[in-house]
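**Student:** quick one: sequence plus predicted model below, questions after.
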Amino acid sequence: MASATIHPTAVIDSHAEIGAGCEIGPYCVVGPEVRMGEGCRLYSHVVLDGMTTIGPRNEFFPFACIGLRTQDLKHTGGKRRLEIGSDNVFREHVTVHTATGEGASTRIRSHNSFLAYSHVAHECVVGNHVIFSNCGTLAGHVTVEDHAIIGGLAAIHQFCRIGTMAIIGGCAKVVRDIPPYLIGDGNPAVCRAVNKIGMERNGVPKETRRALREAYKIVFRSGLTVGNALDKVSTELPQSNELSHFVDFCRKSERGIAR
């Protein structure tokens, strides 16, 4: 802990592990089971608690509360974890909770941005390069894949999945899965279009983008059942890793896709 910079008003449990080069500002609290990688910064009034493992170079802004006990009323104690990767930003008043189930984990990977008041509940899995706008909220057991964007004030129902490069519109109520590369919006949310700009920015080839637009039309506009539509997509469109992921995501949906 000697190589970290710690403000004298911060309360750091003697059992916490603080990586080299960390900066811990005024009135922060770090619990005994926190393991923090090198180069993290806690600006002020941040609370880190629970069985929480944090990778390097994460930033925590004032009043972020990370690793506290789940709000799930089924919680009965035991060892529940939170795992955070590297280079994430947690803005003001962000809350991320540990898991409910014994030995289970809430998992956040790397290079994500959580804007003010966003919330990640128990047993959620958040991928890489995800953006949560202000007050974006995940209920328990939600999965958000890489490069997705959660709009401001959007609420995601338990056990839903948000696919790669999907966008959730502001104030949306998501109660079914939003497949990869699509835009979901409304109350309840439905898939409105493909995320053309997001795919361009992330380097998806033009021919693949064209095939995904056709796949969207077949699945969401043709009137076919989901199964028949996916069969048509798999047999009639030029195949790619992105199209295969789209089809596989839809086939594995347990809550159904939002159409």
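**Tutor:** Cool, got the structure.

**Student:** counting neighbours, what do you get for Asp146?
**Tutor:** When neighbours are counted by other Cβ atoms under 10 Å, Asp146 registers 18. For glycine as for every other residue, the C-beta is placed from the backbone atoms N, C-alpha and C.

**Student:** for it, helix, strand, or coil?
**Tutor:** At Asp146 the chain is in coil, as set by DSSP: H, G, I helix; E, B strand; the rest coil.

**Student:** show me what contacts it?
**Tutor:** By Cβ atoms under 8 Å, 6 or more residues apart in numbering, the contact set of Asp146 is Gly127, Asn128, His129, Val130, Thr164, Met165.

**Student:** excluding residues flanking it in the chain, which one is nearest it?
**Tutor:** Computed as Cβ to Cβ, 6 or more residues apart in numbering, the closest residue to Asp146 that is not its neighbour in sequence is Gly127, at 4.1 Å.

**Student:** and the gap between that neighbour and Lys217?
**Tutor:** Distance, Gly127 to Lys217, using Cβ to Cβ, to the nearest Å: 27 Å.

**Student:** so for those two, which sits in the more crowded spot?
**Tutor:** Gly127 (20 against 13).

**Student:** so that one sits against Ala148, correct?
**Tutor:** Yes. At 7.3 Å, Gly127 counts as touching Ala148 under the criterion of Cβ atoms under 8 Å.

**Student:** mind listing the helices for the chain?
**Tutor:** Ranges of helices within the chain are 196-201, 206-221, 226-236, 241-251, based on DSSP state H.

**Student:** return the list of helices and strands in contact with the third one.
**Tutor:** Helix 226-236 sits against helix 206-221, helix 241-251, with contacts defined as 3 or more Cβ pairs under 8 Å, 6 or more residues apart in numbering; DSSP states H and E.

**Student:** many thanks, have a good one.
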